[in-house]
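Q: sequence below, structure please.
(chains A and B)
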Amino acid sequence: VVMTQSPATLSVSPGDRVTLSCRASQSVDINLAWYQQKPGQAPKFLIYSASTRATGFPARFSGSGSGRAFTLTISSLQSEDSAVYYCQQYHKWPYTFGQGTKLEI
Amino acid sequence: QITLKESGPTLVKVTQTLTLTCTFSGFSLSTSGVAVAWIRQPPGKALECLALIYWNDDKRYSPSLKTRLTVAGDTSKNQVVLTLTNVDPVDTGTYYCVHSFWSLHNHWGPGTLVTVSS
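A: Sure, this is the predicted structure:
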């Protein structure tokens, strides 16, 4: 399953609301996760089942979608949200990641 | 508290075999639903799932690397070992050991950078 993310890079300002897109080459139902990766760090588990927020992330992070199209929305951006965001499908092995969206704030 | 840590060589030569060890704590690999995954990331690139070993010793390998990969678990030592044979410079990258629960990769090790030199 090929995962395609857009845009590749997004430059935004603090307080903005942004939506990142992830599309699967075939349906993955809601078996979709999002990760946040900051420079020099391992990815952090952010969203699972397309819309359930993992422990430790604030409510300004939200996910939606099912089937082939998914979005990650971050409302009221803060400087610490600067990172690369990856989507991953875990519907079918091999589990595959998108190429990432780099968020610059 | 779940923790994982990768260990192994930082530099390997082309055609050699890379062996990485994941040492973990805070969970048991014999618990139903638990798996340990190996995921790698070439410098500046995206993530790639390499292998998974499940609580029941079932294993999954990346189809593109299947002939070169082996994963094995040792529940008594709380370790998982990944072996990658016949390495090439394209195998250079950070290798992560990841706790997975019902396919959710929710705890990651810090990663270990492996460079393959020619």
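Q: which residue sits closest to residue A:24, ignoring its sequence neighbours?
A: residue A:68 (4.7 Å; Cβ to Cβ, 6 or more residues apart in numbering or on different chains). C-betas here are computed from N, CA, C, even on glycine.
Q: look up phi and psi at that neighbour.
A: Main-chain torsions, residue A:68, degrees, to the nearest 10: phi -120, psi -20.
Q: separation between it and chain B?
A: Plainly put, residue A:68 is 19 Å away from chain B if you go by Cβ to the nearest Cβ, to the nearest Å.
Q: repeat for residue A:46
A: The gap separating residue A:46 from chain B is 10 Å, by Cβ to the nearest Cβ.
Q: and the pLDDT at that residue?
A: Looking at residue A:46, its pLDDT reads 97.
Q: now do the nearest residue to it once chain neighbours are set aside, the pLDDT please.
A: Spatial nearest neighbour of residue A:46, excluding adjacent residues (Cβ to Cβ, 6+ apart): residue A:34 at 4.5 Å. On pLDDT, residue A:34 comes in at 98.
Q: what's the answer for residue B:83, then?
A: In this prediction, residue B:83 carries a pLDDT score of 98.
Q: which residues touch it?
A: By Cβ atoms under 8 Å, 6 or more residues apart in numbering or on different chains, residue B:83 lies in contact with B:17, B:18, B:19, B:20, B:69, B:70, B:71, B:72.
Q: ranges for the strands of the chain?
A: If you meant another chain, say so; for now it's chain A. Counting by DSSP state E, the segments of chain A that form strands are A:3-6, A:9-11, A:18-24, A:32-37, A:44-48, A:52-53, A:61-66, A:69-74, A:83-89, A:96-97, A:101-104.
Q: could you do chain B instead?
A: Applying DSSP E to chain B gives strands spanning B:3-7, B:11-13, B:18-25, B:34-41, B:48-54, B:59-61, B:69-74, B:79-84, B:93-101, B:104-108, B:112-117.
Q: pick out the shakiest of those, pLDDT-wise.
A: Across the strands of chain B, strand B:104-108 gives the lowest mean pLDDT, at a mean of 93.
Q: how far off centre is that one?
A: Put simply, strand B:104-108 sits 13 Å off its chain's centre (Cα atoms, centre = their mean, to the nearest Å).
Q: find the nearest non-adjacent residue to the residue of chain A most remote from its centre, please.
A: Each residue of chain A has a distance to the centre, and by Cα atoms, centre = their mean the biggest one is for residue A:93: 19.4 Å. Distances taken as Cβ to Cβ, 6+ apart place residue B:60 nearest to residue A:93, at 5.0 Å, with adjacent residues excluded.
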